[in-house]
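>>> Got a predicted model here, sequence first, then my questions.
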Amino acid sequence: MVRKAEPTVTEQEVWAALDDVKDPEVPVVSVVEMGIIQSVELDGAGRARVKMTPTFTGCPAIEMMREAIAEKLAELGLEATVEVTLDPPWTSDRLSESAREKMKQIGLAPPARHGGFVEMDLIQVVRCPYCNSDDTSLENPFGPTLCRAIYYCNACKQPFEKFKAL
């Protein structure tokens, strides 16, 4: 009896699977939408190498993401190596438009695109993700994670977090 060869997993299928892996700190957004995945390489022998760049060097979710990525690719029959790289460093400009929209939907103001020129982010006007008002104020530059600050909207009276531009 001749066994049929298993179909080869494509790079596109790997990217689609990775789009199901959620960022542990912003769980409505995938690691792909966050721009954390740098590259995917397949060797044709059932192995994948994924390069990821965390939002911060000391990101506490690195191991969680590595495990989730490896588990997701194992579902495709792949043995995954997930390499953490800091070159080039992650920047908030890597956030996809879908990630920015999803952040707003949960009350997290996304950072403005900066093209590599990050001005004094904390003194710029921040639009409220709930009512779109510019009448907001910084309450605390230190939010629940390193990448967030806490703001207050004077128009709708809602506190909200802003993802810092990096």
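Nice, thanks for sending it over.
>>> C-alpha from now on. contacts and neighbour counts both.
Fine.
>>> Now do the strands in this protein.
Counting by DSSP state E, the chain has strands at residues 37-42, 47-52, 79-84, 108-109, 136-140, 148-153, 159-163.
>>> in the protein, which spans are helices?
With DSSP state H as the criterion, the chain has helices at 11-18, 62-75, 97-105.
>>> Same list (the strands of the chain) but as a markdown table, adding mean pLDDT.
Conversion of the strands of the chain to a markdown table gives the following (pLDDT from 0 to 100):
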| stretch | mean pLDDT |
| --- | --- |
| strand 37-42 | 96 |
| strand 47-52 | 97 |
| strand 79-84 | 96 |
| strand 108-109 | 94 |
| strand 136-140 | 94 |
| strand 148-153 | 94 |
| strand 159-163 | 94 |
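>>> among those strands, which is nearest P27?
strand 108-109 (11.8 Å; CA to CA).
>>> circling back to that earlier point, could I get the helices of the chain as a markdown table with mean pLDDT and mean neighbour count?
Formatted as a markdown table, the helices of the chain follow (pLDDT from 0 to 100; neighbours: other CA atoms under 10 Å):
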| stretch | mean pLDDT | mean neighbour count |
| --- | --- | --- |
| helix 11-18 | 96 | 15 |
| helix 62-75 | 96 | 17 |
| helix 97-105 | 96 | 17 |
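>>> any idea how far S98 lies from V50?
Going from S98 to V50 by CA to CA, to the nearest Å gives 22 Å.
>>> still on that earlier bit, out of the helices of the chain, the one nearest P129 is which?
Of all the helices of the chain, helix 97-105 sits nearest to P129, with 5.0 Å by CA to CA.
>>> any idea which of the strands of the chain is most buried?
strand 108-109 (a mean of 26; mean count of other CA atoms under 10 Å).
>>> in its sheet, what does it sit against?
Here strand 108-109 is paired, per DSSP bridges, with strand 159-163 (parallel).
>>> hey, C-alpha coordinates of the partner strand in PDB?
Extracted in PDB, the C-alpha atoms of strand 159-163 (Å, rounded to 0.1, in the frame of the first residue of the first chain):
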ATOM      1  CA  PRO A 159     -10.800  57.100  32.000                       C
ATOM      2  CA  PHE A 160      -8.900  55.300  29.400                       C
ATOM      3  CA  GLU A 161      -5.500  54.000  28.600                       C
ATOM      4  CA  LYS A 162      -3.300  55.000  25.700                       C
ATOM      5  CA  PHE A 163      -0.700  52.700  24.100                       C
END
